[in-house]
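Novice: return a 3D structure for these sequence lines:
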Amino acid sequence: MTRPASPSDAGAQDAALDLLHQFTTLHPRAWDLGLERMVRLLGAMGNPQDKLPPVFHVAGTNGKGSTVAFLRAALEAQGKQVHAYTSPHLVRFNERIRVAGSLVSDDALVDALRHCETVNGGKSITFFEATTATALHLFAETAADATLLEVGLGGRLDATNVIERPALCAITPVSMDHMGFLGDTLEKIATEKAGILKRDVPCVVAPQDEPALQVIRAVARRVGAPLIEHGQDFMAYEEHGRLVYQDAFGLMDLPLPRLAGRHQIINAGTAIACLRHTDLSGTDAEYANAMQTVQWPGRLQKLTGTLAARAPSCDVWLDGGHNAGGGKALAEAMADLEDRVPRPLYLISGLMRTKDATDFFRPFEGLARQVIGVPIPGHDKGLDTVAVAASASEAGTYGSVADSLEAALTEIEASAGEPARVLICGSLYLAGHALKADGYTPT
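Specialist: From the prediction side, this is the model:
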């Protein structure tokens, strides 16, 4: 996994990332799962992880960030102040850390990183560990009503798994991804994800394939964690253009989420279930407000700015989905759009070499007319564009290449012969580049 490239913003933002990259070069790898370094550093920092408002800890393969976004929207609809830690960022590093509802400022970020570096004292630490310790320090220094932590990779040995007593855990759908770190079977991956479970701490479990569900249940029994399972303890589904949520506490009839796709109904339901099993549950009106105000950039987002203007006759969509589960969810969403407004579908994709591109593209067979492979700017571990195109062809969709997102959009506009639908996908890093090229500014 590659380290995020520094953005071009001048001033404190560059200073923060330069500092972070400088003191994390003490460790030879961007990812090295294990908690020893985190425990040491946090202990030297006064254990900020023990001084946080109620923590919601979210693991899973797909939908973690969206579930956190729904949690934040629902809590903020109640007027709560919310800390949130997510990764990776898309345009600016600050997106990873929200302190009491606002993106961390450049100056506060630099000060916190300097504190973290000083306390670390030149010892080995990874990029993600340093970032996590910095976020926990910032959260401990500012009052809030809740803390939302998204797992970075896996769960059991992830740097965020230092919270001894979260208010609640959640596991979003588990699928094959990061096999080099987590294992080569769904059961092994689910075991790592379930490593966030704690004794007597409830865990909300989103829909799972049966092998993953059985593993999560087994881990829960072993550690003594009560499970709240989709399909058994709560349900979330679309009916007559509405989101219906149901559990033992009752039924809610809510607007559909503003985030597009069937999978977002599941993510929204998972977030609601989390809150309904804590002291931070809201009213029906507050949940309805959250469905309409939730924001999570780069997830089935329709682009309307500078980049999209390269193909003015096309609907240009963007999503950071990059694994088999993400490909399936995106194909379903594109098929739903096709049912409502038929248009030929073109994919513009760049993937990292660590991803199984063929499995990602397979759900688009018969749905997409063409996949155009493009490079991921600023990342030397991107899959070669020819390999992207070959993977698409192997999965049943014609593949070609282009030198850039802009060139691919121009090609589609010129050759489609009719208004088309374009989906830019395959990598969150590519999504970040697309957002920046489109003129998006994080808020």
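
Novice: spatially central residue for the protein, please.
Specialist: The central residue of the chain, meaning the one whose C-alpha is nearest the mean C-alpha position (C-alpha atoms, centre = their mean), is Gly65 at 3.5 Å.

Novice: so who does it touch?
Specialist: Shown in contact with Gly65 (C-beta atoms under 8 Å, 6 or more residues apart in numbering): Thr86, Glu150, Trp296, Arg299. Backbone N, C-alpha and C define where each C-beta goes, glycine included.

Novice: need the max-distance pair from these.
Specialist: Looking at these by C-beta to C-beta, the two members farthest from one another are Glu150 and Arg299, with 13.4 Å of separation.

Novice: now the contacts of Gly65 in a markdown table, with neighbour count?
Specialist: Compiled in a markdown table, the contacts of Gly65 are given as follows (neighbours: other C-beta atoms under 10 Å):
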| residue | neighbour count |
| --- | --- |
| Thr86 | 23 |
| Glu150 | 23 |
| Trp296 | 22 |
| Arg299 | 25 |
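
Novice: which residue ranges of the stretch 301-443 of the chain form strands?
Specialist: With DSSP state E, counting those that start in this stretch as the definition, the stretch 301-443 of the chain shows strands at residue ranges 301-303, 315-318, 345-349, 368-373, 399-401, 421-425.

Novice: can I get these in CSV including mean neighbour count and mean pLDDT?
Specialist: As requested, the strands of the stretch 301-443 of the chain are arranged in CSV below (neighbours: other C-beta atoms under 10 Å; pLDDT from 0 to 100):
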stretch, mean neighbour count, mean pLDDT
strand 301-303, 19, 96
strand 315-318, 24, 98
strand 345-349, 27, 98
strand 368-373, 24, 98
strand 399-401, 19, 98
strand 421-425, 27, 98
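
Novice: helices of the stretch 301-443 of the chain, start to end?
Specialist: In chain order, the stretch 301-443 of the chain shows helices spanning 324-340, 357-361, 385-394, 405-415, 428-438, with DSSP state H, counting those that start in this stretch as the criterion.

Novice: Thr132 is nearest to which of the ones you listed?
Specialist: helix 428-438 (17.7 Å).

Novice: now do that closest one: distance to the chain's middle.
Specialist: In terms of C-alpha atoms, centre = their mean, to the nearest Å, the gap separating the centre of helix 428-438 from the centre of its chain is 14 Å.

Novice: cool, stretch 178-187 as well?
Specialist: Taking C-alpha atoms, centre = their mean, one finds the center of stretch 178-187 at 18 Å from the center of the full chain.

Novice: so which bits of it are buried?
Specialist: His178, Phe181, Leu182, Gly183, Leu186 (16 or more other C-beta atoms under 10 Å).

Novice: hang on, the second one in a helix?
Specialist: Yes. Membership of Phe181 in a helix is supported by DSSP: H, G, I helix; E, B strand; the rest coil.

Novice: correct me if wrong: it contacts Gly152.
Specialist: No. In this structure Phe181 lies outside contact range of Gly152 using C-beta atoms under 8 Å: 10.6 Å.

Novice: any low-confidence regions in the stretch 1-150 of the chain?
Specialist: By pLDDT under 70, the weakly predicted segments of the stretch 1-150 of the chain are 1-14, 23-31.

Novice: ok, the buried residues of stretch 178-187 vs Thr278, which is closest?
Specialist: Checking the buried residues of stretch 178-187 against Thr278 by C-beta to C-beta gives Leu182 as the nearest, at 28.3 Å.

Novice: break down the stretch 1-150 of the chain into its strands, ranges please.
Specialist: 55-59, 82-85, 97-99, 102-103, 146-150.

Novice: which one of those lies closest to Ala290?
Specialist: With C-beta to C-beta, the closest approach to Ala290 among those belongs to strand 82-85: 11.7 Å.

Novice: on that earlier part again, looking at the buried residues of stretch 178-187, spot the one nearest Asn47.
Specialist: After measuring those against Asn47 - C-beta to C-beta - the closest member comes out as Phe181, at 26.6 Å.

Novice: what's the per-residue pLDDT of Ala288 here?
Specialist: Turning to Ala288, the model gives it a pLDDT of 98.
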